[in-house]
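Colleague: Sequence first, predicted coordinates after that:
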Amino acid sequence: MSEKKVRVRFAPSPTGPLHVGGVRTALYNYLFAKHHGGQFILRLEDTDQTRFVPGAEEYIIESLKWAGISPDEGQGFGGEYGPYKQSERKAMYKPYADQLIADGKAYYAFDTPEELDQMRENAKQMGMPNWQYNSITRSNMKNSLSLSAEEVEERLKKGDPYVIRIKMPRDLDIKFEDTIRGWVSVNTNNLDDKVLFKSDGMPTYHLANIVDDRLMEITHVIRGEEWLPSAPLHVFLYDAFGWEAPKFAHLPLILKPDGPGKLSKRDGDRLGFPVFPLNWTNSDGEIYSGYKESGYFPDAFVNILAFLGWNPGDERELFTLEELSTEFKLERVGKSGAKFDPDKAKWYNQQYLRKRSAKELADLLQTYIGENNLKTSPFELEPVCELMKERATFIKDIYEDGHYFFGEVDKYDEKTLSKKWKENTSALMSEWLEILKNISSFKADSVETEFKDFITKKELGLGGVLPNFRLLLTGVGSGPSLFSIAEILGKDECIKRMELGIEKINELKSQEA
Ligand code: GLU
C-alpha cells in the first residue's frame, strides 16, 4: 500500500501574538513536512469570535515569514483546500454535527447558560465542585435525550437556542498512540459531553478542528501538550464519523529558565529576553519585545527553537533550516518539558553572527544605522565588521562596542587613565606619534612592528604602554586588535586622534592635580 502524502498543519487561534512555543510548533510541523516531502499548511482557528484580536492574523503570517518557515498552503498563502480560516468555512460544519445527531452520536441541548450555572452551583453546594455535563448528569438536563421527541421538535421549530453535544458513552477506553508519548488511554467516564456546535451557529474548536483536518487531508497532528486532554475526544469523533484519525504527536512544554512551569510573557519581562518572534503592541499600548527587533537572526531563532525539545542525538548544535529538515524526526522529540535558556539563545545568535561574511554584516549594520537614525561611519564598514564580529552577539554590539568608528573620541576610560597613564606617558606617546607619522605603508602589521620596536628600545612592557595607545585611538580600555583598528582609522585619523588625545588627557590630568 502506498503511503499517503504527508500533510501537516499549524492551526493557531488568532487571539494575540504568537508565543515562541507556538512558533516552535509551527517549526516542527514545517520540518516534519519537509523531511517527508510533504505539505505544511497554516489554518486559522477563529471559531471563538469573542477572543478575536485585530492584527493577530497578520502577526502570525509575518512571524512565520520572518522565521523562514512559510507554509506551502494556507491563510495568506493560497492553496486548493481553502478557505483556511474557520470563520470563512462556517457553513461547512453544521452538516457534520447533524450527521452525528442522525447517527445517535450527538444530541441537542437546550439548557440556558443560567440553568447550567445553577446546576454547577447546586453541585458545589453538595460538595461536588467539578460538575460536568456527562453520561450521568445529562438525564437531568434539557436535551433531546431527556425530553420527548415532540418537545424537541417543538423547541427546534420555535427556534429555541440550542447547542449540539457529543454523546460520550459510559465506560469506554479510548486509546491512541502518540508518536512522542506512546500509548495514551483514557476512560470515557472521565470525559464530558463537550459542545460541538454552539448556539451562535459556529462550531466549537473540537468539531471544526477535526472536520478541517479531515477535509484538508491532514495526516499528522503535531501540536502542543496543552491539547493532549482534547485528543481522546478527537479520536472518539474520528471514530464516530467512521474516519481514519491522523497520527498524533503532542510536543513538550517550553519551561521557564528558572523554575517549574510554562514559559510566560512575564518571564521574558522579568529576565530580559523576548518571548515573541516580533514586537507586538497590545490594545493598552504595551509593547512585547520580539526576537527580530531584539537583533536575533531568523536562522539563529529557528536553531534555538529547534533545540527546545529536539536534539540530533549527538553533540552538534548548529543547524540551518535545511539541515534541520534533513535530520528532524519526531521520535527524537522528548516527552519532558524543555527549559528555555536565554544565555544559550544569545550564544546561538553569536554563532550565526560569526558565520556571516563581513559584507553581509556590513549591509545589516548599514540597515541598523539607517533604521535607528544613527551616525554613519567615515570608515569602511566591512573591515569594521570583520574586526568586531568575534566579540559581538548582535549587530548593535558592533555599533556600540565599535562606537569609535562612528564618531570622535571625546571620552577616555577613567579606569585605564588612572591605572595606566603615568607621569611620562604623554611624552612617550608623543615620541611614538612621531614614529607613527613616518610609517609609510600604514597596515596593521607594520604599525605593530614599529610599535613593538619602539617599546623594546624603551625597555618597556607591552601591557604598560599599549592600553594608552588604545585610549588615544578609541577612548576605551579594551577591544579587538588595536593595530587593526589603527589600519581602519588610517594614518591621518590616528595622528589626529593622538594629538587631540594627548592634549585632552594632559588637561584632565592637570585638573586632577
Ligand atoms: N487552535 C488550536 C490552538 O490554538 C490548535 C490546536 C491543534 O493544533 O489542534 O493552538
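Modeller: Thanks, I have it. Numbers count the residues shown, from 1 in each chain.

Colleague: Give me the distance between the residue nearest to Lys396 when sequence neighbours are not counted and the ligand.
Modeller: Spatially, and ignoring its direct neighbours in sequence, Lys396 is nearest to Gly295 (5.5 Å; Cβ to Cβ, 6 or more residues apart in numbering). (Glycine included, C-beta is placed from N, CA and C.) Distance of Gly295 to the ligand, given as Cβ to the nearest ligand atom, to the nearest Å: 28 Å.

Colleague: Is whatever residue of the stretch 101-250 of the chain ends up closest to the ligand in a helix, a strand, or coil?
Modeller: Taking Cβ to the nearest ligand atom, the ligand has its nearest neighbour within the stretch 101-250 of the chain at Arg223, 3.5 Å off. At Arg223, secondary structure determined by DSSP: H, G, I helix; E, B strand; the rest coil is strand.

Colleague: isn't it right next to Gly22, touching?
Modeller: No - Arg223 lies out of contact with Gly22 (Cβ atoms under 8 Å); the separation is 9.8 Å.

Colleague: Are there residues contacting both of these two? Which ones?
Modeller: In terms of Cβ atoms under 8 Å, 6 or more residues apart in numbering, Arg223 and Gly22 are not both contacted by any residue.

Colleague: ok, and for the lowest-mean-pLDDT helix or strand in the chain, which residues are buried?
Modeller: Least confident element among the helices and strands of the chain, by mean pLDDT, DSSP states H and E: helix 265-271 (a mean of 88). Of all the residues in helix 265-271, those buried under the rule 16 or more other Cβ atoms under 10 Å are 265, 267-268.

Colleague: what ranges of the stretch 351-500 of the chain fall below the confidence cut-off?
Modeller: Regions of the stretch 351-500 of the chain meeting the criterion pLDDT under 70 are absent.

Colleague: phi, psi of whichever residue of the stretch 401-513 of the chain sits closest to the ligand?
Modeller: Residue of the stretch 401-513 of the chain nearest the ligand, by Cβ to the nearest ligand atom: Asp401 (40.9 Å). As for Asp401, its main-chain torsions (degrees, to the nearest 10) stand at phi -70, psi -30.

Colleague: what do you get for Asn143?
Modeller: Reported as degrees, to the nearest 10, the phi and psi values for Asn143 are phi -150, psi 170.

Colleague: one step back: ok, the residue of the stretch 101-250 of the chain closest to the ligand to Gln511 distance?
Modeller: 67 Å (Cβ to Cβ, to the nearest Å).

Colleague: Also Gln39?
Modeller: Gln39 sits 72 Å away from Gln511, going by Cβ to Cβ.

Colleague: between the two, who's got more neighbours?
Modeller: Gln39 (22 against 7; other Cβ atoms under 10 Å).

Colleague: Quick check: pLDDT value at that one.
Modeller: Note on Gln39: pLDDT of 98.

Colleague: number of nearby residues for the closest residue to the ligand within the stretch 301-450 of the chain?
Modeller: Nearest residue of the stretch 301-450 of the chain to the ligand (Cβ to the nearest ligand atom) works out as Leu330 at 14.6 Å. Neighbours of Leu330 under the rule other Cβ under 10 Å: 18.

Colleague: check contacts around it.
Modeller: 28, 32, 179-180, 222, 249.

Colleague: Can you pull the residues of the stretch 1-150 of the chain lying near the ligand?
Modeller: For the stretch 1-150 of the chain, the contact set with the ligand under Cβ under 6 Å from any ligand atom comprises 11-13, 45.

Colleague: let's see it at 8 Å
Modeller: 9-13, 15, 22, 25, 45 (Cβ under 8 Å from any ligand atom).

Colleague: can you check the stretch 201-350 of the chain too?
Modeller: Residues of the stretch 201-350 of the chain lying near the ligand by Cβ under 8 Å from any ligand atom: 205, 209, 213, 221-224, 226-227, 230, 234.

Colleague: In ChimeraX, how would I select the buried members of those?
Modeller: If you want just the buried ones from these in ChimeraX, going by 16+ other Cβ under 10 Å, the selection is:
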select :205,209,213,221,222,223,224,227,230,234
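
Colleague: Can you give me the end-to-end span of stretch 175-183?
Modeller: Distance across stretch 175-183, first residue to last, is 7 Å (Cα to Cα, to the nearest Å).

Colleague: For the remainder of this discussion, apply numbering that starts at 40.
Modeller: Will do, 40 is the new start, and the previous item becomes stretch 214-222.

Colleague: Is it in proximity to the ligand?
Modeller: No - using Cβ under 8 Å from any ligand atom, stretch 214-222 stays clear of the ligand, coming no nearer than 13.1 Å.

Colleague: For Glu489, give me its contacts.
Modeller: Counting by Cβ under 8 Å, 6+ apart, the residues that Glu489 touches are 474-475, 478.
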